[in-house]
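1. I'll drop the sequence and a predicted model, then ask my questions.
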Amino acid sequence: MVKRSDVLASALRRVGYMGVCVVLFCLASPPHAAVADLQHGRQLELVPTDTNQTGVANVLYSDDGDRLFYDMVGGNDLATNGALPSFLATRGDDGWTSRGLLPPRAEQHGSVYFFTGATTDLARFTYAVTNGVFPQPPPPTSLVRLGADRTQELLVRWPGGLGYQQQYAVQPLTSDDLAHVVALSGTSLDPRDPGSEVTPQLYDFGAGIPRLLSVLPDDSASACGAAIGAGSTRVTAGQHWISRDGSYVHFLGRSSCGDPFNLFVRNAGQTRLVSGPPVAGADHGATFVQATPDGRTVVFATRTQLVLADQNDGLDVYRSAGGPADCLTCGIAGAEIQRAIASEDGTRVYFTSPALLVPGRGSPDSPLNIYTLTGDGPLRYVAGSSGRGDLTGVPSAGDTLTADGSVYLFASGQQPGGPDVGGCRDPFGAARPCTQLYRYEAGSGAVTCISCPPAGSPAHDVPTSLSGSGLQVDRTSPMSADGRIVFFRTADPLVPEDVNRDLDVYEWNDGAVSLITDGRTSFPASITGHVVIGTTASGRDAFFTSYAPLVPGLTEAGTLQLYDARIGGRAARPPAPPREPCDGDGCQGAPASPPQALAIGSLGGTGRGNVEPGARRAGRLVVRRPRPFAGATGVVRVRVDGGGQVAASGAGVRPVTAFVRRAGTHALRIALHARSRARLRARGTVRITLRIVFRPTGRAPSRTAVVLTFTADRARKGR
């Protein structure tokens with residue numbers, strides 16, 4: 001059973017791993033110049049996220065880089081849900097636009113939508129839906145599938161709920177088209193399933209009718225539950241527990257509760273034991289390593305003797321292509337394998353061992369050594385390993401490799417083939433090597449430190465979280481599909497322009513290193529200034545978040561922004577000429593629909609990606625003082641002289657952020673917080689000072705304040 005503290009930590013990592021703005025940092029940071037044109041024909045594009053200065057999480061990008069999904073950290077009560085509203089940003093001829101993704105509030109299955117997965121083109125999405133985060137007793141929980149048009153399908157509903165511990169455990173594995181949605185359920189949905197939250201079974205919910213998958217060859221359910229992703233806190237979609245078309249599903253199951261977990265594969269209504277039976281000795285179970293995209297070939301690790309050539313008691317790596325498994329490592333004497341990963345096509349394996357297995361290669365001082373081999377090739381030494389995040393195959397944990405395994409990217413504190421590097425310190429103050437980022441190329445056997453300074457030694461560790469969306473099932477990568485382009489972070493200056501002695505984002509491109517961020521903005525220790533989300537397979541797009549103002553027109557550090565460093569991207573454009581002045585409601589235009597008459601960014605904000613340069617005169621902001629509002633909500637009308645962002649906040653009200661396209665009068669709907677509503681009911685009147693900021697495109701912001709009066713609705717009060 002997962003501990004509540006562990007799940008809370010996981011939840012905080014999911015929604016807070018990109019950091020939250022620190023007030024003093026936001027107020028005190030001086031203006032900064034924008035980043036100039038980047039190397040390799042890249043331009044920075046700003047994706048409008050309307051984060052209300054809270055941040056984004058769970059960022060995913062489409063294969064072509066033209067769509068971005070993100071959740072808003074901390075939520076916004078004006079969005080269609082209050083905890084983690086979701087948005088879809090799309091690149092068009094006029095730049096990026098963002099809009100809300102969740103269905104209207106009246107059509108939702110709960111108040112909290114936990115994002116769990118999406119198709120590679122970001123056209124369909126899955127969510128676990130419930131009410132609240134820590135409610136007792138656990139509320140009903142649903143699994144739904146959404147379209148980009150905000151339509152939703154209810155796949156399954158657990159009336160008794162899953163409890164908080166499994167709200168985050170509902171991280172389904174899906175086929176590429178989301179027609180198959182595979183997840184664990186602690187509630188029995190099949191007569192063969194005894195039903196237990198402690199021992200959940202695996203189901204396919206994609207067709208809307210639950211189909212039990214964790215079935216053994218004798219057609220009984222796996223004893224004491226099944227498992228996917230066992231032995232790892234995260235998995236990648238590229239590991240293919242489920243094949244791309246959903247026809248093959250791998251899972252860990254057992255015949256009786258006292259048995260170890262073994263690897264099974266389910267296909268066409270039939271189940272096959274992959275990791276057995278043993279030819280001799282005891283059954284030690286198995287762990288899943290990798291399957292091919294079509295699911296027909298699987299690589300796994302086990303201590304069980306499955307072939308006569310396996311004469312050691314240690315861990316060995318096997319590969320099965322639909323029949324008896326072949327041992328890939330049984331011929332290596334004294335292998336002492338600790339961990340293993342395999343390429344997506346199943347042809348190459350990497351593993352760690354404390355032993356020196358290749359004559360003349362490796363150091364006895366290394367805690368571990370990394371080796372690689374193919375099915376018919378010799379064993380090769382790769383590098384020494386510090387044991388920090390090595391051989392997970394998960395970029396957010398410290399390493400990744402190309403689909404054919406020809407390039408392996410990893411972080412290590414051991415200098416391959418040379419002396420230890422750097423002057424870092426352990427928690428006790430003792431000197432130790434600095435963890436750096438290395439790239440191994442199998443064809444030549446060359447290992448390159450891509451994060452080491454060109455002169456001198458590194459003074460900082462590189463973050464071992466190389467990239468990541470924050471999701472349990474991740475498909476981001478910091479490396480292009482051919483391994484020739486890598487994006488990473490380091491606090492060591494690798495180019496003369498990097499002067500801040502703080503983390504910056506860099507690109508390694510066929511041996512050439514270039515700076516992506518400004519190299520000037522410094523951040524407090526509590527702030528992670530830049531986070532690499534990942535790059536597309538071609539390497540054309542590189543997505544990252546930053547608190548630094550990196551495009552023209554942004555002058556204030558401290559607001560988390562989402563950027564794309566794109567080859568052939570759109571540079572900032574001159575501002576559009578101002579329209580003729582207008583006044584009153586005539587400036588608002590026709591609303592899209594009655595529930596969404598306001599241009600509230602949280603409901604569907606739109607705007608150009610790059611803020612456009614222009615004169616530095618302040619924008620003009622005029623606010624009409626409204627009459628007292630009857631009830632807990634009201635509309636404040638503001639008049640501005642151009643496009644930009646309008647934000648309103650104040651003690652006791654929900655913050656509002658709107659992106660406006662043109663000059664004119666625009667409406668902001670203001671709503672009291674729950675505590676202020678209670679005070680309104682008790683006292684009959686509440687006064688709030690509302691602070692309004694207009695940040696025009698390419699000009700200095702304007703600020704004003706207005707006092708609002710809310711009076712109790714007599715009809716409601718008399719009930």
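-> Noted; the coordinates are in hand. Remember, it's a predicted structure, so these values are computed and weren't measured experimentally.
2. quick check: domain ranges of the protein?
-> As given by automatic domain parsing, the domain ranges for the chain are 335-467, 584-717.
3. Redo those domains as JSON lines? Include mean neighbour count.
-> C-beta coordinates here come from the backbone N, C-alpha and C atoms, glycine included. Output for the domains of the chain, formatted as JSON lines (neighbours: other Cβ atoms under 10 Å):
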{"stretch": "domain 335-467", "mean neighbour count": "19"}
{"stretch": "domain 584-717", "mean neighbour count": "18"}
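4. Out of these, which is closest to T536?
-> Closest of the domains of the chain to T536 is domain 335-467, at 11.8 Å (criterion: Cβ to Cβ).
5. Check the model's average confidence along that closest one for me.
-> Summarised as a single mean, pLDDT over domain 335-467 is 84.
6. name the element N58 belongs to?
-> strand 56-61 (DSSP states H and E).
7. chain center to that strand, what's the gap?
-> 5 Å (Cα atoms, centre = their mean, to the nearest Å).
8. ok so, going back, need the domains of the chain in TSV with distance to T130, can you?
-> Compiled in TSV, these are given as follows (distance: least, Cβ to Cβ, whole Å):
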stretch	distance to T130
domain 335-467	25
domain 584-717	20
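9. Quick one, which of the ones you listed gets closest to A286.
-> domain 335-467 (11.7 Å).
10. now that closest one: how far from the chain's centre is it?
-> Taking mean C-alpha positions (Cα atoms, centre = their mean), domain 335-467 and its chain are 24 Å apart.
11. wait, is A682 part of a strand?
-> No - the assignment for A682, made by DSSP: H, G, I helix; E, B strand; the rest coil, is helix rather than a strand.
12. thinking again about what came up before, could you give the average pLDDT over the strand holding N58?
-> 86.
13. do stretch 668-686 as well
-> 86.
14. ok, V382 touching Y350?
-> Yes - in this structure, V382 is within contact of Y350 by Cβ atoms under 8 Å, at 6.9 Å.
15. if I look at these two, which residues touch both of them?
-> I370, Y371, T372, Y408 (Cβ atoms under 8 Å, 6 or more residues apart in numbering).
16. Closest one to S185 out of these, please.
-> Y408 (36.5 Å).
17. Quick check: which element contains that closest one?
-> Going by DSSP H and E, Y408 is in strand 407-412.
18. Mind giving me the packing neighbours of the helix or strand that that strand is followed by?
-> With elements assigned by DSSP H and E, the helix or strand that comes after strand 407-412 is strand 424-425. Applying 3 or more Cβ pairs under 8 Å, 6 or more residues apart in numbering; DSSP states H and E, we find strand 424-425 packed against strand 431-432.
19. which residues are contacting the strand it packs on?
-> G413, D420, G423, C424, R425, D426.
20. what about the strands in the stretch 151-300 of the chain?
-> Listed in chain order, the strands of the stretch 151-300 of the chain (DSSP state E, counting those that start in this stretch) span 152-158, 173-174, 181-185, 201-204, 211-212, 235-236, 248-253, 262-267, 270-273, 286-291, 298-302.
21. wait, which of these is closest to D376?
-> Here strand 298-302 is closest among the strands of the stretch 151-300 of the chain (Cβ to Cβ), at 15.2 Å.
22. Pull up the pairing partners for that closest one, direction included.
-> strand 286-291 (antiparallel), strand 316-320 (antiparallel) (DSSP bridges).
23. what angle separates the first one from strand 262-267?
-> Read it as strand 286-291. In terms of direction (axes from the mean of the first three to the mean of the last three Cα atoms, to 10 degrees), strand 286-291 departs from strand 262-267 by 40 degrees.
24. Using PDB, list the CA coordinates for strand 286-291.
-> What follows is strand 286-291, C-alpha atoms only, in PDB (Å, rounded to 0.1, in the frame of the first residue of the first chain):
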ATOM      1  CA  ALA A 286      11.000 -11.100 -13.100                       C
ATOM      2  CA  THR A 287      10.900  -7.400 -13.900                       C
ATOM      3  CA  PHE A 288       9.900  -5.800 -17.100                       C
ATOM      4  CA  VAL A 289      12.600  -3.800 -19.000                       C
ATOM      5  CA  GLN A 290      11.300  -2.900 -22.500                       C
ATOM      6  CA  ALA A 291       8.900  -4.000 -25.300                       C
END
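25. Go ahead and name everything in contact with that strand.
-> Contacts for strand 286-291 (Cβ under 8 Å, 6+ apart): 230-231, 239-241, 243, 248, 250, 252, 260-263, 274-276, 297-302, 304, 317, 340-344, 346, 349, 393.
26. So among the residues you listed, which ones count as buried?
-> By neighbour count, with 16 or more other Cβ atoms under 10 Å, these hold 239-241, 243, 248, 250, 252, 261-263, 274-276, 297-302, 304, 317, 340-344, 346, 349, 393 as buried.
27. just for the stretch 51-200 of the chain, where's the confidence low?
-> Along the stretch 51-200 of the chain, segments meeting pLDDT under 70 span 51-55, 73-83, 132-138, 161-170.
28. Now do the helices in it.
-> Secondary structure of the stretch 51-200 of the chain by DSSP state H, counting those that start in this stretch: the helices cover 163-167.
29. what do you get for the stretch 501-650 of the chain?
-> Under DSSP H, counting those that start in this stretch, the stretch 501-650 of the chain gives helices at 601-604.
30. hang on, L356 packs against Y371?
-> No - using Cβ under 8 Å, L356 is not in contact with Y371, being 10.1 Å away.
31. Among the shared contacts of V382 and Y350, which lie within strands?
-> Mapping these onto strands (DSSP state E) picks out I370, Y371, T372, Y408.
32. out of these, what pair is the most spread apart?
-> Farthest pair in these, by Cβ to Cβ: Y371 and Y408, 11.1 Å.
33. which residues are in contact with both of these two?
-> With Cβ under 8 Å, 6+ apart, Y371 and Y408 have common neighbours Y350, V382.
34. Just say helix, strand or coil for V693.
-> strand.
35. residue contacts, it?
-> Counting by Cβ under 8 Å, 6+ apart, V693 has contacts V646, A647, A648, P701, S702, R703.
36. CSV for these, including pLDDT and distance to I688?
-> Formatted as CSV, these follow (pLDDT from 0 to 100; distance: Cβ to Cβ, whole Å):
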residue, pLDDT, distance to I688
V646, 82, 17
A647, 81, 15
A648, 84, 11
P701, 81, 21
S702, 85, 20
R703, 86, 16
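37. coming back round to it: tell me what the strand holding Y408 is packed against?
-> Right, strand 407-412 is packed against strand 380-385, strand 399-401, strand 436-441 by 3+ Cβ pairs under 8 Å, 6+ apart.
38. ok, that strand: who's next to it in the sheet?
-> strand 399-401 (antiparallel), strand 436-441 (antiparallel).
39. Tell me what the nearest residue to R540 once chain neighbours are set aside is bridged to.
-> In space, and not counting its chain neighbours, R540 is closest to I567: 4.6 Å by Cβ to Cβ, 6 or more residues apart in numbering. Beta-bridge pairing of I567 under DSSP bridges involves R42.
40. And the pLDDT at I567?
-> pLDDT, read off for I567, is 93.
41. Could you do G652 as well?
-> Taking G652 on its own, its pLDDT is 81.
42. which ones are touching it?
-> L672, H673, R675, S676, R679, V686, I688.
43. How about it, nearest residue that isn't a chain neighbour?
-> Nearest to G652 is S676, by Cβ to Cβ, 6+ apart, at 3.9 Å.
44. so the one you found touches F629, yeah?
-> No - the criterion here is Cβ under 8 Å, and S676 misses it with F629 at 11.9 Å.
45. any common contacting residues for these two?
-> Joint contacts of S676 and F629 (Cβ under 8 Å, 6+ apart) are F710.
46. Would you format the strands paired with strand 407-412 as a markdown table with distance to R662 included?
-> Formatted as a markdown table, the strands paired with strand 407-412 follow (distance: least, Cβ to Cβ, whole Å):
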| stretch | distance to R662 |
| --- | --- |
| strand 399-401 | 45 |
| strand 436-441 | 46 |
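47. Burial check on I242, number of neighbours?
-> 27 (other Cβ atoms under 10 Å).
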